[in-house]
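In: Here's a sequence, model it:
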Amino acid sequence: MSQKALLGLCIVLLLPVASYFIVKTVSKDAIAMPRKYYPEYTVDTVIRGKQVSDTVWYELANDTFTNQLGKQIQIDDLRGKIIIADFFFTRCPSICPYLTRNMKDLQDALRLKDVTKRIDTTFVQFLSFSVDPERDSVPVLKQYADRYGVNHDVWWLLTGPKKKIYDFAINEIKLPVQDGGTVDTAFIHTEKFALIDRKGIIRGYYNGLDTAALSRLAEDLTLLMLEKDKKESSPVLAELLSLWPIYLIVIAAVAIFVTIARKPKNKKS
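Out: Okay, the predicted model is just below:
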């Protein structure tokens with residue numbers, strides 16, 4: 001085997017690995033992921049002599065609420081799920097019925113995607129917090145949920161002490177920031193939907209009455225479903241790395257074969 005043939009064989013063997021790293025480097029910023037809101041602080045570390053800054057983002061605090069089935073729900077129990085949250089009350093005669101119908105459309109769209117594309121959508125959780133908890137008891141929320149076709153597994157209507165709900169809306173979901181500081185601390189009434197990722201970080205606010213905003217919400221939800229944790233190793237890379245021993249053995253075998261083949265044969269006298 002000639003040196004050119006050996007070189008060609010090595011290229012063929014190394015091409016999959018090289019291609020992976022090229023594609024990864026070129027395409028890592030090709031898709032604009034939903035932005036993260038509310039940085040808390042940065043952590044500076046030195047990696048290979050180079051300073052790297054990593055932002056730590058605000059995550060929702062753990063609180064406990066009661067859903068329409070009377071079950072206690074803790075926010076920390078939803079880590080690992082993507083949350084779409086809004087605020088409403090069952091006696092609302094204006095925007096709340098529209099918000100609930102639009103949330104129902106999102107619920108049904110995910111169910112359709114689950115069936116037609118055979119993907120797992122169970123890690124998406126809808127949360128609707130009642131801002132009138134004194135009237136919105138568990139039975140009232142259950143009746144309201146049944147009237148609008150709520151799937152009790154993926155969509156929870158939540159109630160609890162009014163102060164806890166309002167503190168959560170103002171200090172955790174941070175509605176005053178998104179509504180221009182006009183949220184009434186005595187009575188919250190907003191059309192905003194909030195998108196929260198698997199770690200409890202807010203990734204977007206959307207007008208729940210606007211068709212274009214809801215389309216953006218659906219697109220951002222899809223992107224978050226595909227988002228990978230940077231700290232988790234890539235399964236593709238792990239698979240390629242697992243093949244390194246085979247690559248090395250093949251290259252070594254080829255090199256030995258070429259060395260033997262190129263030895264001059266002893267000429268008979």
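
In: What are the boundaries of the strands in the stretch 101-250 of the chain?
Out: 124-130, 155-158, 192-196, 202-207 (DSSP state E, counting those that start in this stretch).

In: contacts for the helix or strand containing residue 40?
Out: For residue 40, the host element (DSSP states H and E) is strand 39-47. By Cβ atoms under 8 Å, 6 or more residues apart in numbering, the surrounding residues in contact with strand 39-47 are 51-58. Backbone N, C-alpha and C define where each C-beta goes, glycine included.

In: and those residues as TSV, adding distance to residue 109 and pLDDT?
Out: Below are the contacts of strand 39-47 laid out as TSV (distance: Cβ to Cβ, whole Å; pLDDT from 0 to 100):
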residue	distance to residue 109	pLDDT
51	44	78
52	39	77
53	38	81
54	35	86
55	32	91
56	33	92
57	28	95
58	29	95
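
In: in the stretch 151-269 of the chain, which segments are predicted with low confidence?
Out: Filtered on pLDDT under 70, the stretch 151-269 of the chain yields the residue ranges 178-185, 230-269.

In: go again using 50 as the cut-off
Out: 234-237, 269 (pLDDT under 50).

In: circling back to that earlier point, just give me the closest of the contacts of strand 39-47 to residue 76.
Out: Taking Cβ to Cβ as the measure, residue 76 lies nearest residue 58 of those, at 14.9 Å.

In: Show the contacting residues for the residue nearest to residue 64 when sequence neighbours are not counted.
Out: Closest residue in space to residue 64, ignoring its immediate chain neighbours: residue 74 at 5.1 Å, by Cβ to Cβ, 6 or more residues apart in numbering. Residue 74 makes contacts with 62-64, as judged by Cβ under 8 Å, 6+ apart.

In: Need the buried ones from those residues selected in PyMOL.
Out: Of those, the buried ones can be selected in PyMOL as follows, counting by 16 or more other Cβ atoms under 10 Å:
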select buried, resi 63
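
In: related to what we said a few turns ago, TSV for the contacts of strand 39-47, including distance to residue 127, secondary structure and neighbour count?
Out: Shown next, in TSV, are the contacts of strand 39-47 (distance: Cβ to Cβ, whole Å; DSSP: H, G, I helix; E, B strand; the rest coil; neighbours: other Cβ atoms under 10 Å):
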residue	distance to residue 127	secondary structure	neighbour count
51	39	strand	8
52	35	strand	10
53	33	strand	8
54	29	strand	10
55	26	strand	10
56	24	strand	11
57	20	strand	16
58	18	coil	16
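
In: how about the strand holding residue 40 as PDB, C-alpha atoms only?
Out: What follows is strand 39-47, C-alpha atoms only, in PDB (Å, rounded to 0.1, in the frame of the first residue of the first chain):
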ATOM      1  CA  PRO A  39     -29.200  37.500  36.000                       C
ATOM      2  CA  GLU A  40     -28.300  37.300  39.700                       C
ATOM      3  CA  TYR A  41     -24.500  37.300  39.500                       C
ATOM      4  CA  THR A  42     -21.600  36.000  37.500                       C
ATOM      5  CA  VAL A  43     -19.000  33.400  38.400                       C
ATOM      6  CA  ASP A  44     -15.500  34.000  37.000                       C
ATOM      7  CA  THR A  45     -13.200  31.000  36.500                       C
ATOM      8  CA  VAL A  46      -9.900  30.400  34.700                       C
ATOM      9  CA  ILE A  47      -9.900  27.500  32.200                       C
END
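
In: mean confidence for it?
Out: Mean pLDDT, strand 39-47: 83.

In: in its sheet, what does that strand sit against?
Out: Looking at strand 39-47 with DSSP bridges, its partner strands are strand 50-57 (antiparallel).

In: now the partner strand against strand 202-207, angle please.
Out: 50 degrees (axes from the mean of the first three to the mean of the last three Cα atoms, to 10 degrees).
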